[in-house]
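J.: Got a predicted structure here, sequence first:
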Amino acid sequence: MTSRRDFIRISGLGVGGLAVSATGYGLYRDLAKSPLKGSELSVDTTRTPTYCEICFWKCAGWVYKNEEGKIWKIIGNDEDQHSNGRFCPRGTGGPGMYFDEDRLKTPLIRTEARGKQVFREASWDEALDFIAEKMKGIAEEHGPECTALLTHGSGGKYFGDLIKAFGSGSIAAPSYAQCRGPREVAYYTTFGEGVGSPERTDIRDTKCLVLIGSHLGENMHNGQVQEMSDAIDKGAVIITVDPRFSIAASKSKYWLPIKPATDLALLLAWIHVIIEEEWYDKEYVAKYTFGFEQLKDHVKQMTPEWAYGITTLAPDLIRKSAKEMANAAPAVIIHPGRHVTWYGDDTQRSRAMAILNALLGSWGRRGGFYNPETVAVPSWPHPPFPEPKRTWRDAFPGQYNLAYETIASGICDATIPALSRACNFKAWIVNGTNLLKTIPNSKKVLEAIHELELLVVIDTMPMEITGWADVVLPECTYLERYDTIRDSPHRKPAIALRMPATEPLYNTKPAYWIAKELANKMGLGEYFSWNTIEEMLDWQLKQLGSSLEEMQRIGVKTFERSYDDLYFQPEQEMEFDTNTGKIELYSTALAAEGFDPLPKYTPHEEPPQGFYRLNYGRAPMHTFSRTANNALLKDLMEENAAWINPKVAGEWGIKNGQYIWLENQDGVRSSFPIKARVTERIRWDSVFMVHGFGHTNKKLSRAYGKGASDSELITKVLTDPIMGGTGMRGNFVTFKFEPKEEEAAS
Ligand code: SF4
């Protein structure tokens, strides 16, 4: 039996160390210019509420300071449903972001052509005047709709309001087309609702959790990992489908080491077995679903034996694992995953998972998927936003009609001039996202950047993207600012406050201040008519029956649900927000758009001789590329490694720990070498690496040149025709033992 402690210890790989050090002060000593001195252990009894910005899970917590008023530690808020009072390893390392001496410190304006990082320091006034004038010029010449916001993080609300007030509707988060978009479209077309964030998975009460290419534990989504540990303690069966023996696989009753790129065949075979064996929830299917007979016909030939030839998984294993799901139903979750942009048929693969959940009756049932509720935080009154004359959709006539959010890669495509495009973007505001690492095919991203008349980057750290900006605006970290009220959905509706624990270091400013000042300079001040952020937040909170004073004291406020509908009630009549009002096993929305209404398996390209499929993922102590320079987290994991099967390593003569270069099918070689990790825990046909390393910006003194970047090896993009998601797992790598000549020379 695996206990919670075992699970966290294994999944954390250093969590223990962090728990001791980061909540004490050991790791802070490693900071080159740590502001902490002798009295670190004296704790100020005051604490300020925050919600974590190290990842999008947004756990609420408390920031403590030492006697000198310096930030000392962060712990979870017991009232918070996202964290249950406990932060994950990355979250406890949050102060490393604040103390990082490599931070952006003052506004910068480019002085030489793009491609050279030559900037001069500017005052805020000068930098914002420069941006405002440029934006107004672009609006006059091309129209305000030729500006776009690309954002990830809390500042998006303020910059979003700014760009909408300006007259543009193009606001994109890479977390949609590069991450969760296909699953959201799949669940909307099936259930009429998305999965959301945090996911509405009722893991704490599940009896069977199926993870497909999803490595919870290494992927440290705090609340989910805690619930998974609890579920394991209570005897839940875990089924993990992954070519890699992940931490989750090590906790699983069944590990299905699938041949990469064949998951859809497995899902269809599972659907076949569950229907043929009559293991589906007959009452639920009859009452709530549409298209069962079409589905039954569709999967008739898709037997486990058929899937065996594709997936390499034994038919008996497919049947046994299907039986486990049926035994647990409806307390079973085929987890929808998060980063699901793999092979370009991702909406269809996610649809197959949604269908399986529907057959097992887990949607709306305890231990399956609960019905979340959100607090509706009112907006500060402002004039209506002008209607944009064109949007990003005009650049893709007839395409991606089922995508309900803007596609970041679509903005990028529509920035490169083409006769067929109605709108070429001329200005980007980029906030909190290192686009050169988040959007695949960085060559294309750079091509788009070269077409821009203005690129503004607002961030806390110098990243690859800041090097290409015309103006760089230094945002203060989440520990130094107020932000929007967190209102994410959960079992109970709740709000959380982030407030500054300390004054901003250097000449940095919060997003709300930057947006408001810029709005004033652009003649849009009426959209930001509050005098202070405190006034605005207090007004919002009072509409909800709270106040800023109360939230500063309690940090998190949880409300009772409006309806008793966390799960469907027995016999309850339900109308789903689909064309038929039913859960659509057969999707009428997809059929209307000319796509397959039922998911079909189509084979994907195989690696060429001597190449291996590049798979990538997460480690529990890092978030994307944004934490690689964090002194606290870097100590836990300084570089990534390439996981290589021993048979393959033997053929190439690669030793464990040896540094090698990876080169992809297009001849792109990693800028830096990566350490080989020779392990039986990965199939022979795959190579795995953790995302977010191999930074090329020398201003990141700790992260520069550490490990290799998977992003630069992802040059082939398999676009999902349904919603424009950028499939990134169609890339293959081989091994090299030296850098490319030009890199060696430089
Ligand atoms: S999961 Fe961890 S990193 Fe993400 S918000 Fe929560 S504490 Fe922060």
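T.: On my side now, so go ahead. No experiment lies behind these values; they were computed from the predicted model shown. Numbering: from 1, shown residues only.

J.: Residue numbers of this structure in contact with the ligand?
T.: 52, 54-55, 57-59, 83, 87-88, 90-91, 220-222 (Cβ under 6 Å from any ligand atom). The way it works is simple: take the backbone N, C-alpha and C, and place the C-beta from them, glycine included.

J.: min pLDDT across those, which one?
T.: When the residues of the chain next to the ligand are compared on pLDDT, Met220 comes out least confident, at 84.

J.: Which pLDDT value goes with Leu13?
T.: In the prediction, the pLDDT value recorded for Leu13 is 34.

J.: residue contacts, the residue of the stretch 1-150 of the chain found nearest the ligand?
T.: Closest to the ligand within the stretch 1-150 of the chain is Gly91: 2.3 Å, counting by Cβ to the nearest ligand atom. With contact set as Cβ atoms under 8 Å, 6 or more residues apart in numbering, Gly91 has these partners: 52, 54-55, 59, 61, 74, 76, 83, 222.

J.: Those residues in helices, which ones?
T.: Filtering these for membership in helices, criterion DSSP state H, returns Asn222.

J.: Please indicate which of the residues of the chain next to the ligand are buried?
T.: Neighbour-count burial (16 or more other Cβ atoms under 10 Å) is assigned, among the residues of the chain next to the ligand, to 52, 54-55, 57-59, 83, 87-88, 90-91, 220-222.

J.: Can I get those residues in JSON lines including distance to Val678?
T.: Written out in JSON lines, the entries for these read as follows (distance: Cβ to Cβ, whole Å):
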{"residue": "Cys52", "distance to Val678": "35"}
{"residue": "Ile54", "distance to Val678": "31"}
{"residue": "Cys55", "distance to Val678": "30"}
{"residue": "Trp57", "distance to Val678": "33"}
{"residue": "Lys58", "distance to Val678": "38"}
{"residue": "Cys59", "distance to Val678": "36"}
{"residue": "Ser83", "distance to Val678": "37"}
{"residue": "Phe87", "distance to Val678": "34"}
{"residue": "Cys88", "distance to Val678": "29"}
{"residue": "Arg90", "distance to Val678": "27"}
{"residue": "Gly91", "distance to Val678": "32"}
{"residue": "Met220", "distance to Val678": "25"}
{"residue": "His221", "distance to Val678": "29"}
{"residue": "Asn222", "distance to Val678": "32"}
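
J.: Could you single out the nearest of these to His335?
T.: His221 (10.8 Å; Cβ to Cβ).

J.: Hmm, Trp57 and that closest one touching each other?
T.: Yes - when contacts are counted by Cβ atoms under 8 Å, His221 is listed as touching Trp57 (5.4 Å).

J.: Spell out which residues are contacts of both of those two.
T.: Both His221 and Trp57 are in contact with Pro198, where contact means Cβ under 8 Å, 6+ apart.

J.: Would you list the phi and psi of Ile458?
T.: phi -120, psi 120 (degrees, to the nearest 10).

J.: got a list of what it touches?
T.: Residues counted as contacts of Ile458 (Cβ under 8 Å, 6+ apart) are 155, 159, 429-432, 472-473, 475, 511, 514.

J.: where does the stretch 601-746 of the chain have low pLDDT?
T.: With pLDDT under 70 as the threshold, the stretch 601-746 of the chain has low-confidence stretches at 742-746.

J.: coming back round to it: out of the residues of the chain next to the ligand, who's nearest Arg626?
T.: Proximity to Arg626 was ranked across the residues of the chain next to the ligand by Cβ to Cβ; first place goes to Ile54, at 7.9 Å.

J.: what's the spacing between the closest one and Gly93?
T.: Noted for Ile54: a distance of 7 Å to Gly93, by Cβ to Cβ, to the nearest Å.

J.: Now for the chain, the helix or strand with the poorest mean pLDDT.
T.: helix 15-23 (a mean of 31; mean pLDDT, DSSP states H and E).

J.: Can you name the residue of the stretch 601-746 of the chain nearest the ligand?
T.: Taking Cβ to the nearest ligand atom, the stretch 601-746 of the chain has Thr623 as its residue nearest the ligand, at 6.1 Å.

J.: Quick check, that residue in contact with Glu53.
T.: No - contact between Thr623 and Glu53 fails when scored by Cβ under 8 Å: they sit 9.5 Å apart.

J.: can you give me the strands for the stretch 601-746 of the chain?
T.: Along the stretch 601-746 of the chain, the stretches classed as strands by DSSP state E, counting those that start in this stretch are 612-617, 641-644, 659-664, 674-678, 686-690, 718-719, 726-727, 732-736.

J.: what's the answer for the stretch 101-250 of the chain, then?
T.: Under DSSP E, counting those that start in this stretch, the stretch 101-250 of the chain gives strands at 108-110, 119-121, 147-151, 171-172, 208-212, 237-241.

J.: What residues sit buried inside the first one?
T.: Using 16+ other Cβ under 10 Å as the test for burial, strand 108-110 gives 108-110.

J.: And for the second one?
T.: For strand 119-121, the neighbour count (16+ other Cβ under 10 Å) marks Phe119 as buried.

J.: Can you measure across stretch 138-150, start residue to end residue?
T.: As for stretch 138-150, its first-to-last residue distance stands at 18 Å under the measure Cα to Cα, to the nearest Å.

J.: so which residue of the stretch 451-600 of the chain comes closest to the ligand?
T.: Evaluated by Cβ to the nearest ligand atom, the stretch 451-600 of the chain has Tyr478 as its residue closest to the ligand, separated by 9.8 Å.

J.: and that residue, how many residues sit next to it?
T.: Tyr478: 26 surrounding residues under other Cβ atoms under 10 Å.

J.: Please apply the same query to the one 3 residues further on.
T.: Arg481 is flanked by 24 other residues according to other Cβ under 10 Å.

J.: Where does the prediction get shaky in this protein?
T.: 1-45, 422, 742-746.

J.: Mind doing that once more with 80?
T.: When the per-residue scores of the chain are filtered using pLDDT under 80, the ranges that remain are 1-45, 115, 419-423, 564, 624-625, 741-746.

J.: Let's have the contacts of Ile458 in CSV, adding neighbour count, distance to His339 and secondary structure.
T.: As requested, those are arranged in CSV below (neighbours: other Cβ atoms under 10 Å; distance: Cβ to Cβ, whole Å; DSSP: H, G, I helix; E, B strand; the rest coil):
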residue, neighbour count, distance to His339, secondary structure
Gly155, 26, 22, coil
Phe159, 25, 24, helix
Ile429, 29, 25, strand
Val430, 25, 20, strand
Asn431, 25, 21, strand
Gly432, 23, 18, coil
Val472, 26, 28, strand
Leu473, 26, 29, strand
Glu475, 26, 25, strand
Ala511, 26, 25, helix
Ile514, 28, 29, helix
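
J.: any common contacting residues for Ile54 and Gly93?
T.: The overlap between the contact sets of Ile54 and Gly93 (Cβ under 8 Å, 6+ apart) consists of Thr627.

J.: and the closest residue in space to Ala314 that isn't next to it in sequence, what is it in contact with?
T.: The spatial neighbour of Ala314 that comes closest, neighbours along the chain excluded (Cβ to Cβ, 6 or more residues apart in numbering), is Tyr308 at 6.4 Å. Counting by Cβ under 8 Å, 6+ apart, Tyr308 makes contact with 314-315, 318.

J.: do the same with Gly368
T.: Remark: with contacts taken as Cβ under 8 Å, 6+ apart, Gly368 is in contact with 202, 206, 330-333, 357, 360-362.

J.: hmm, back to that, return the closest of the contacts of Tyr308 with respect to Trp279.
T.: Ile318 (13.0 Å).
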